[in-house]
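> Dropping the sequence and predicted coords here.
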Amino acid sequence: MLKRVLSGLLILILLVVATAIGLDRWISWKTAPYIYKDIASLPHRQVGVVLGTAKYYRTGVYNQYYLYRIQGALNAYNSGKVNYLLLSGDNAMSSYNEPMTMRRDLVKAGVDPQDIVLDYAGFRTLDSIVRTRKVFDTNNFIIITQRFHCERALFIALHMGIQSQCFAVPSPKNMLSVRFREVGARLGALSDLYVMKREPRFLGPLVPIPAVHEVPEGTQSYPAVTREQLLESEQKAHP
């Protein structure tokens, strides 16, 4: 009897794992056509949405995910692929402000402050994507983050009828644990979209991002920013 129960439990666990992996792969497959790794092939859009993350880990170590997103935002902006950067992140505590931290680093790197818009209520990926459409009146934009995050963000956008593409920036090495957690995050996103039908925690009044720039005819107007240059700049600022 015990052996039968254990066998049934094992089969159930295997089915759950197989389903989770299958759904994970389905999201990757469905969003693949909208992801760009090469800045030259990235289409022009007025707005680039940079999804926030902490600049430092709790140990005080520099967060490479943050570094690559800032680098990607700079390269998309400097190449003329986007005209505005919408920085969307968590602002739950006075001591933790993702959008303002990103803004400081981008301005320090040469981005015109007038071309930066802050979204302080991007508590989750769903909030960031839906608020870009419903609050900032932008329905066709570039998402800037790592590829695994791109896939989840794009899946949310597709489900919500929002047009978007993603500039997939590099990921740090040894990200197995992060990728494992991403499977759970995708299951949570599917639950939010299909079961709970969640909306952003906050919406608020419409704040359109002005579309005053024209589509650039040329190619890259500034040299691409490298990871090493950003790290060197950070070390000089915090010796």
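Okay, I see it. Residues are numbered from 1 along each chain as shown.

> Longest helix in the chain, by number of residues?
Looking across the chain with DSSP state H, the single longest helix is helix 2-31.

> Beyond that helix, next helix or strand please.
The helix or strand immediately downstream of helix 2-31 is strand 35-36, counting by DSSP states H and E.

> Follow the chain on from that next one and name the next helix or strand.
Later in the chain than strand 35-36, the nearest helix or strand by DSSP H and E is strand 45-51.

> Sheet partners, orientation included, of that next one?
Under the criterion DSSP bridges, strand 45-51 sits next to strand 82-88 (parallel), strand 140-146 (parallel) in its sheet.

> can you give me the helices for this protein?
2-31, 64-78, 98-108, 125-134, 147-159, 176-190, 227-237.

> If you count contacts, what does the fifth one end up packed against?
Counting contacts by 3 or more C-beta pairs under 8 Å, 6 or more residues apart in numbering; DSSP states H and E, helix 147-159 is packed against helix 2-31, strand 35-36, helix 125-134, strand 140-146, strand 163-169, helix 176-190. Glycine gets a C-beta too; all of them are placed from N, C-alpha and C.

> ok, residues contacting that helix?
Helix 147-159 has contacts (C-beta atoms under 8 Å, 6 or more residues apart in numbering) with 27-28, 30-32, 34-35, 37, 51, 125-126, 128-130, 143, 145, 163-166, 168, 171, 178-179, 182, 185-186, 189, 193.

> mind redoing it with 7 Å?
Contact with helix 147-159 is made by 27-28, 30-31, 34-35, 51, 125-126, 129, 143, 145, 164, 166, 168, 171, 179, 182, 185-186, 189, 193, as judged by C-beta atoms under 7 Å, 6 or more residues apart in numbering.

> Equivalent analysis for stretch 189-209, please.
Residues outside stretch 189-209 that contact it (C-beta under 7 Å, 6+ apart): 23, 47, 84, 86, 117, 121, 123, 126-127, 130-131, 134-138, 152, 155-156, 159.
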